[in-house]
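>>> Mind folding the following:
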Amino acid sequence: MTDKRVEFVYGALRAAFVFVPIAAGADKFLNLLADWQAYLSPLALSLLPVSPGTFMRVVGLVEIAAGLLVFARPRLGALVVAAWLVLVSVNLVLGLHLDVAVRDLVLALAAFSLSRLAEVHEEGALPARAGHAAAGA
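So this is what the prediction gives:
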């Protein structure tokens, strides 16, 4: 028997990490939510082999793919999203966007947590509530 509270958390995190990367990725083409190029650090800008706009569209495609990967293979996809968010945070720190960098590190931790929950979910062994386990003993 699985704990429905844990299943809810798994489902909520999975939905968030499917939707948010896809929406943020799509917005790299639309720039409705933010001027994404403004978040590129000076170091990143100096290393780009393409224009910042082109680079952000590539970033958008990567984010869309990551969201779709979370949908198809949550355990792996969540790890990809977590790693991606850590890299984004490094860029943000270099650009002195420290508040956003901290937020993205927390999101990376949440994505990593989703990967761990997906691991247990895939095994079909989400823990039973302690009260039920004790009652069955």
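
>>> and the residue positioned nearest the centre of the chain, backbone torsions?
The centre of the chain sits closest to Val81, judged by C-alpha atoms, centre = their mean, with a distance of 3.8 Å. Backbone geometry at Val81, expressed as degrees, to the nearest 10, gives phi -60, psi -40.

>>> Averaged pLDDT, the longest helix along the chain. What do you get?
In the chain, with assignment by DSSP state H, the single longest helix is helix 4-30. The average pLDDT within helix 4-30 is 95.

>>> Now the element after that helix, going C-ward?
Sequence order places helix 42-47 as the next helix or strand after helix 4-30, per DSSP states H and E.

>>> List the contacts of Phe112.
Contacts for Phe112 (C-beta atoms under 8 Å, 6 or more residues apart in numbering) come out as 78-79, 82. In short, each C-beta sits where N, CA and C put it, glycine included.

>>> Show only the entries of these found in strands.
In strands, defined here by DSSP state E, there are no members of those.

>>> wait, which of these is closest to Phe17?
Ala78 (6.0 Å; C-beta to C-beta).

>>> show me the contacts for that closest one.
Applying C-beta under 8 Å, 6+ apart, the residues near Ala78 are 13-14, 17, 70, 111-112, 114-115, 118.

>>> Just name the shakiest helix or strand of the chain by mean pLDDT.
helix 130-136 (a mean of 43; mean pLDDT, DSSP states H and E).

>>> Low-confidence ranges, this structure, go.
1-2, 125-137 (pLDDT under 70).

>>> in the helix or strand where Ser115 lies, what counts as buried?
For Ser115, the element it lies in under DSSP H and E is helix 98-122. Residues of helix 98-122 classed as buried under the neighbour-count rule (16 or more other C-beta atoms under 10 Å) are 101, 104-105, 107-108, 110-112, 114-115, 117-118, 121.

>>> For the residue nearest to the centre of the chain, give me its contacts.
Contacts of Val81 (C-beta under 8 Å, 6+ apart): 17, 21, 66-67, 69-70, 108, 111.

>>> Now name the helix or strand holding the closest residue in space to Val50 that isn't next to it in sequence.
Leaving aside its chain neighbours, Val50 sits nearest to Val58 (7.7 Å; criterion: C-beta to C-beta, 6 or more residues apart in numbering). Per DSSP H and E: Val58 is located in helix 52-72.
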